[in-house]
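Engineer: dropping the sequence and predicted coords here.
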Amino acid sequence: MSSYSDANYHRSMIFQNQIRMNYIQTLNPKPQNFLLNLNRRRIICLILILLIIYLKLLIEAWKMLNEISSKDEYLHQQWLFEQEKIVNQKKNLQEFLNNLKSSSNESTKPCKKCFDSISKFYSKAIVNIYEKNQNIKEEYNRIVLPLQYLSSLLCLINNFLIQIIFKKCWKFSFLSNILLILCLCIYAELFLPNEPNISYTLFIAWSIVIFTIYLLTKVFSTLLIIEHYQLMNLQNNNQ
């Protein structure tokens, strides 16, 4: 009678384990197979490691977002001041070139040719120097570059996490890569106006933070379900 009860018990355990495995396989996205073979201690360690890493990164991102948001109006006013200064410098340069040209017209012909060739080259060069060496751009880069670097790092870590936790998760991978591409475009100042604008960096940084939090909820819920499955197996084996 005891052997019959043991056989029924083992069949019941096998059936329950199969139900749990089927439930895990219905998760969307599906976890990697190697996670199902990890013991509880390793799964808990993995959760704690991810929690520490992401908590540090997200806290740092939150501090940068608050700091940069407070400097948006200041940078805009500084940019307007720099633009006004550049316009005045261009005006003074043009007046100087016009006066020099009128003086050269009264001079000998070789002198006039010499001036024309020099003025065309140097007038463009000097204007370009004025436009490229704005103090506001240097300050803008000093403020936003750390956040752009951190946003790119978050995207790369998210991509790695997606690959090791989930199986064929195209949706998460696609979104993470799109955010990374947009972040790199903003860093390279592609398709952006010349005016320094914090809004683009803030928008993409907030998008990456929100996506990261959503991804972490999926990762932690998946790992906790697997951990619960391992706990049930351990309890059944002890019985």
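Structural biologist: Thanks, I have it.

Engineer: helices or strands up against the helix or strand residue 137 falls within?
Structural biologist: Counting by DSSP states H and E, the element that carries residue 137 is helix 135-165. Contact here means 3 or more CB pairs under 8 Å, 6 or more residues apart in numbering; DSSP states H and E; on that basis helix 135-165 packs against helix 40-69, helix 72-105, helix 170-187, helix 198-238. C-beta coordinates here come from the backbone N, C-alpha and C atoms, glycine included.

Engineer: these: which one's closest to residue 31?
Structural biologist: helix 198-238 (5.2 Å; CB to CB).

Engineer: re the thing from before, now the angle between helix 198-238 and the helix holding residue 137, please.
Structural biologist: Put simply, helix 135-165 runs at 20 degrees to helix 198-238, going by axes from the mean of the first three to the mean of the last three CA atoms, to 10 degrees.

Engineer: which positions in helix 135-165 come out as buried?
Structural biologist: Buried residues in helix 135-165, defined by neighbour count with 16 or more other CB atoms under 10 Å: 136-137, 139-140, 143-144, 147-148, 150-152, 154-155, 157-158, 161-162, 165.

Engineer: again with stretch 51-68
Structural biologist: Within stretch 51-68, the residues that qualify as buried by neighbour count (16+ other CB under 10 Å) are 54, 57, 58, 61, 64, 65, 68.

Engineer: just give the closest residue to the second one, not the sequence neighbours.
Structural biologist: Setting aside the residues directly before and after it, residue 57 is nearest to residue 154 in space (CB to CB, 6 or more residues apart in numbering), at 6.0 Å.

Engineer: following the worst-scoring helix or strand of the chain on mean pLDDT, which helix or strand shows up next?
Structural biologist: Lowest by mean pLDDT, DSSP states H and E among the helices and strands of the chain is helix 2-25, with a mean of 52. Following helix 2-25 in sequence order, the next helix or strand is helix 33-36 (DSSP H and E).

Engineer: isn't residue 180 up against residue 154?
Structural biologist: No. At 9.1 Å, residue 180 does not count as touching residue 154 under the criterion of CB atoms under 8 Å.

Engineer: next, count neighbours for the closest residue to residue 222 other than its chain neighbours.
Structural biologist: Spatially, and ignoring its direct neighbours in sequence, residue 222 is nearest to residue 31 (5.2 Å; CB to CB, 6+ apart). Under the neighbour criterion other CB atoms under 10 Å, residue 31 is assigned a count of 19.

Engineer: how close does the closest residue to residue 148 other than its chain neighbours get to residue 150?
Structural biologist: Excluding the flanking residues, the one nearest residue 148 by CB to CB, 6+ apart is residue 187, at 4.8 Å. Separation of residue 187 from residue 150 (CB to CB, to the nearest Å): 11 Å.

Engineer: equivalent analysis for residue 163, please.
Structural biologist: 21 Å.

Engineer: on the three-state scheme, residue 190 is what?
Structural biologist: coil (DSSP: H, G, I helix; E, B strand; the rest coil).

Engineer: tell me, what's the model's pLDDT at it?
Structural biologist: Looking at residue 190, its pLDDT stands at 75.

Engineer: gap between it and residue 201?
Structural biologist: Residue 190 is 13 Å from residue 201, where distance means CB to CB.

Engineer: which residues are in contact with both of those two?
Structural biologist: Common contact partners of residue 190 and residue 201 (CB atoms under 8 Å, 6 or more residues apart in numbering): none.
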